[in-house]
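# Provide a 3D model corresponding to the input given below.
(4 chains)
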Number of protein chains: 2
Amino acid sequence: MELEPSAALDAETKIAEAPGDHKAELRLWLRLLATNTLIETEIRRRLRERFDVTLPRFDLMAQLERKPHGMTLGELSQRMMVTNGNVTGLVDRLLAEEVISRRQHKSDRRSHIVSLTEKGRRQFARMAKEHESWIAEMFAGLSQSDVAALTGMLGKLKTGVRAALAGA
Amino acid sequence: MELEPSAALDAETKIAEAPGDHKAELRLWLRLLATNTLIETEIRRRLRERFDVTLPRFDLMAQLERKPHGMTLGELSQRMMVTNGNVTGLVDRLLAEEVISRRQHKSDRRSHIVSLTEKGRRQFARMAKEHESWIAEMFAGLSQSDVAALTGMLGKLKTGVRAALAGA
DNA sequence: GAAAATTAGTTTAGGCTTAAAGTAATTTGA
DNA sequence: TCAAATTACTTTAAGCCTAAACTAATTTTC
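Next comes the predicted model:
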């Protein structure tokens, strides 16, 4: 008796995978983590070297750049995926550098709104330009279609992870 | 005169991309970072909750697990992609927990070799088993071929980044 | 073979990060 | 209405992480 090609493939897959084996996923996760670390470490190094700024500060400024009217600390902490207490500290340091300003929320006195100062906007523009070129340089080994494909698959992964966590 | 399909595509690509524009790469990087953060934050949370252990300690133990004869601190710091000083501190804490042991290198008196203790091996085995199932759960939205494709593309990216950094 | 350079690891100062506990303001609901 | 619950943010303690300076041992170079 002959097997269908697809049935043969399924059989091979079964053989390769013992029950409860998820080595392929684990390998993917380790590779994702390593790739991320490799890029992130270099970005941190260059931000420090060229602009004497940390990645968290750059990230916070990048968030504010997209919202000219400013943002509450809570919104910042959500977008940056860090705790409120973390944002409090970052905001303190950026205020001291005078690249952001903070004002009271009009109707909610618990809340504060921070936004880039003119100095902050200028400084961020310079940094963002170089930052983009660093990324381009590091990603130069990928074709445009690689970039699109990878972006799409990571989107799928991210959505899947969110769903898994929401369901758990 | 008719254009070849590929020439037409090239023309479109040119139009979409102003010179020096690398928005697609930037978007990919932000997505990679966000996806990584999403997964990593959850892994950290679960490791703490279930085993009262941090990700760096888990990572260090995972490295040692693959080398039953142990490893020098320098080798650990290379594999973990962190500084020597960082490893010194982690090793101190793991020694205090008695999950690793440290001995002098036979011929090089500057060097020390650390390895998992029996307690460490047992503890790590329990953690690794659950860890693998968490990854499987979070990656369940991807098919086997997605996993393979993503692993391959990340490999290409990682190789490209290393090449870009070596050349720079 | 000894000075110079390198290597392995540690220490230190400072920033990032979290969880947990705390304060003050706002919203809910009985 | 007003007490309870929630929300926005801050503070604290402890761990992670890095760069830079340091110690001690080894290797290189002359």
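# give me the low-pLDDT residue ranges for chain A?
A:1-19, A:168 (pLDDT under 70).
# Please go through it and pick out the longest helix.
Criterion DSSP state H: the longest helix present in chain A is helix A:23-51.
# Between helix B:23-51 and that helix, find me the angle.
Interaxial angle of helix A:23-51 relative to helix B:23-51 (axes from the mean of the first three to the mean of the last three Cα atoms, to 10 degrees): 120 degrees.
# immediately after helix A:23-51, which helix or strand?
helix A:55-65 (DSSP states H and E).
# For that next one, give me every contacting residue.
A:40, A:43-44, A:47, A:51, A:70-71, A:76, A:79-80, A:82, A:86-87, A:90-91, A:93-94, A:99-100, A:114-116, A:120-121, A:123-124, A:127-128, A:131 (Cβ atoms under 8 Å, 6 or more residues apart in numbering or on different chains). Any C-beta I mention is one placed from the backbone N, CA and C, and that applies to glycine too.
# which among the residues you listed end up buried?
A:40, A:43, A:47, A:51, A:70-71, A:76, A:79-80, A:82, A:87, A:90-91, A:94, A:99-100, A:114-116, A:120, A:123-124, A:127, A:131 (16 or more other Cβ atoms under 10 Å in any protein chain shown).
# residue in chain A nearest to DNA strand D?
residue A:85 (2.5 Å; Cβ to the nearest atom of the strand).
# near DNA strand C, which residues of chain A show up?
A:54-57, A:81-86, A:89-90, A:93, A:107-110 (Cβ under 7 Å from any atom of the strand).
# Out of those residues, list just those in helices.
Judged by DSSP H, those include A:55, A:56, A:57, A:84, A:85, A:86, A:89, A:90, A:93 as members of helices.
# now for the residues you listed, which pair is the farthest apart?
Maximum pairwise distance in those, criterion Cβ to Cβ, is 19.1 Å, between A:55 and A:84.
# now the longest helix of chain A and helix A:55-65, what's the angle there?
Going by the same axes, to 10 degrees, helix A:23-51 makes 80 degrees with helix A:55-65.
# mind listing what's buried in helix A:23-51?
A:24-26, A:28-29, A:31-33, A:35-36, A:38-40, A:42-43, A:46-47, A:51.
# which strands and helices sit next to it?
Under the contact criterion of 3 or more Cβ pairs under 8 Å, 6 or more residues apart in numbering or on different chains; DSSP states H and E, helix A:23-51 touches helix A:55-65, helix A:118-138, helix B:23-51, helix B:118-138, helix B:144-167.
# Take these and lay them out in CSV including distance to residue A:164.
Converted to CSV, the helices and strands packed on helix A:23-51 look like this (distance: least, Cβ to Cβ, whole Å):
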stretch, distance to residue A:164
helix A:55-65, 25
helix A:118-138, 29
helix B:23-51, 9
helix B:118-138, 5
helix B:144-167, 14
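# Let me know which of these is the nearest to residue A:160.
Nearest of these (Cβ to Cβ): helix B:118-138, 7.4 Å.
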